[in-house]
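S.K.: fold the following for me, if possible:
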Amino acid sequence: MPKKSLAALAATALAAVTLLSGCGGDAQAGGTGAKLALDAPLPTEVPDGVKIVVGDPATQVAFKLSGQLDKVSKYTTFANLSGGPQTTEAFRAHALDLGSVAEIPSIHATWTGLHVKIVASKFRLDPINHPIYELGIAPGVQVKTLADLRGKKIAYSPGQAQGALVLKVLKKAGLTKEDVKLVELPSTGDVYPNALAAKQIDVAPIGGVQIKRYLTKYGKDGGITIQHGLRDDAGHLYGPTESLEDAGKAAAIRAYVAAWGVAQDWIDKHPKEWIEGYYVKDQGLTEADGQWLVDNAGHPDISGDWTDAIKRHQETIELLAKETGKPVIQAKDLYDLRFQTVASDAIKAAAK
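M.R.: The predicted structure is shown next:
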C-alpha cells in the first residue's frame, strides 16, 4: 500500500471528525449543562436524554456480542474512530467524549494545550511475554540483540506508541538517537512491514497480526522479529475535561467505564466468540490470525489501583520530554482517580 504522510493522516482524522459532527454526533449537545467540579463525587445515575460520544470500536463489538449493546446505547453514541490523532482532533472539535488509546496521546494532548483525563486503564498479565509489539528486522539485516541496533535505520513515528517504544528500546540498549538513523514513517496499516521488506528501513516495531504475517511472508527471505523485553501493554480510555465537568456526561462516562470493564472480562472469558465475532466477521481476519492474536494477548489486567501505572507513565513522560524538549508534566494529573476502581468493581459485581 502507498505510504501516507503525517499530513495525510491528520487530514483523515479531520475528515472523520467532520463526518461525525455532520451526522449529529456533536458531543457538545449531549449533556445536562449542570457543572460538576473535577474533584466532586461522580454521579451514579445517568439522566434521561444524556448521550456521550465514544470512539471505542472494538468494545462496541464486544457489547454487541455479549448482549450489553442495547443497555449501553441508551446513553452512548459510537464513533468509528480511535487512536491518538483521530481522538485529539475530535476532542478539539467538541465531537467526542471518550476515546480508546495507548499511553502517548494523553501526554501529547496535554503538551498541545488540550485538557484530558484518563478514566480507564487496561494492561496485560505477564506483559513481557505478551507484548503488543516486536521489533521487525529486514531480510539480510544482522540484528539479534538490542545492542545490534547501533547504526541501523529504525522506523520512528513521533507522537505514537511505536515511536515512544523506539526511544525506550534505545535507552535500554544504552544507545542514543545519534547512534542510529531514525526514519520518520507513520505506523499505520502495513507501512512498516512493507518498508522492511523493501529494505527502506532495517528495524521497525510491528504489532498485532502484522507480526505473524511478516514472519509468514518474509521469513523465508530472512525477515525475523526479536523481543524488546519492555512493557508496551498500556491501554486507556480518556476524554476532555469539559465532558467530565458536565454532571450528566460524567455519570454516563462512569456507566460506560463500568460496562467497558465487564466487556473486557467477557472478551477474555469467551475467546472463541471473540475470534469469530470480532476478528473474523468485523475485522476480516482468518480464524488462525484471530487465534494467534488471542494467544499473543494473554489475559487482561484491570486493576483498582493505578499507582504503578502512574509511575510507569511518569517514566515515559520524562523520557519523551528529554528527547523532544517538551516540559515534564505530572502523570498523576492525567488520571481522574475518581474512576480508579469503577471498572474493577464492575467486573467483581458481574461475577457474583
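S.K.: and the residue nearest to K71 when sequence neighbours are not counted, how many residues sit next to it?
M.R.: Of all residues not flanking K71 in the chain, A259 sits nearest, at 7.2 Å (CB to CB, 6 or more residues apart in numbering). (Glycine included, C-beta is placed from N, CA and C.) Residues near A259, counting by other CB atoms under 10 Å, number 24.
S.K.: what's the answer for P240, then?
M.R.: 23.
S.K.: show me what the one helix or strand A350 maps to is packed up against.
M.R.: Secondary structure from DSSP states H and E places A350 in helix 342-351. Contacts defined by 3 or more CB pairs under 8 Å, 6 or more residues apart in numbering; DSSP states H and E place helix 342-351 against strand 116-124, helix 247-269.
S.K.: quick one: buried residues of that helix?
M.R.: V342, A343, S344, A346, I347 (16 or more other CB atoms under 10 Å).
S.K.: quick one: mean pLDDT over that helix.
M.R.: If you average the pLDDT over helix 342-351, you get 97.
S.K.: now do the contacts for the residue nearest to N129 when sequence neighbours are not counted.
M.R.: In this structure, N129 finds its nearest non-sequential neighbour in G298, 7.4 Å apart by CB to CB, 6+ apart. Shown in contact with G298 (CB atoms under 8 Å, 6 or more residues apart in numbering): R124, L125, D126, N129, H130.
S.K.: now, of these, which are buried?
M.R.: Buried subset of the contacts of G298 (neighbour count, 16+ other CB under 10 Å): R124, H130.
S.K.: just send the contacts of G298 back as CSV, with pLDDT too.
M.R.: Rendered in CSV, the data for the contacts of G298 read as follows (pLDDT from 0 to 100):
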residue, pLDDT
R124, 98
L125, 98
D126, 98
N129, 97
H130, 97
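S.K.: make TSV from the contacts of G298 and add distance to G277 to it.
M.R.: TSV is the format used below for the contacts of G298 (distance: CB to CB, whole Å):
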residue	distance to G277
R124	21
L125	23
D126	25
N129	26
H130	22
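S.K.: of all the contacts of G298, which comes closest to A263?
M.R.: Minimum distance to A263 across those is 16.4 Å, recorded for R124 (CB to CB).
S.K.: tell me the pLDDT of the nearest residue to that closest one once chain neighbours are set aside.
M.R.: Spatially, and ignoring its direct neighbours in sequence, R124 is nearest to D233 (4.1 Å; CB to CB, 6+ apart). For D233, the pLDDT comes out at 97.
S.K.: do G159 as well
M.R.: Looking at G159, the pLDDT reads 79.
S.K.: that one: what's it in contact with?
M.R.: G84, P85, I104, P105, H108.
S.K.: that one is in what secondary structure piece?
M.R.: For G159, there is no helix or strand it lies in under DSSP H and E.
S.K.: same deal with K168?
M.R.: Element membership for K168, per DSSP H and E: helix 161-172.
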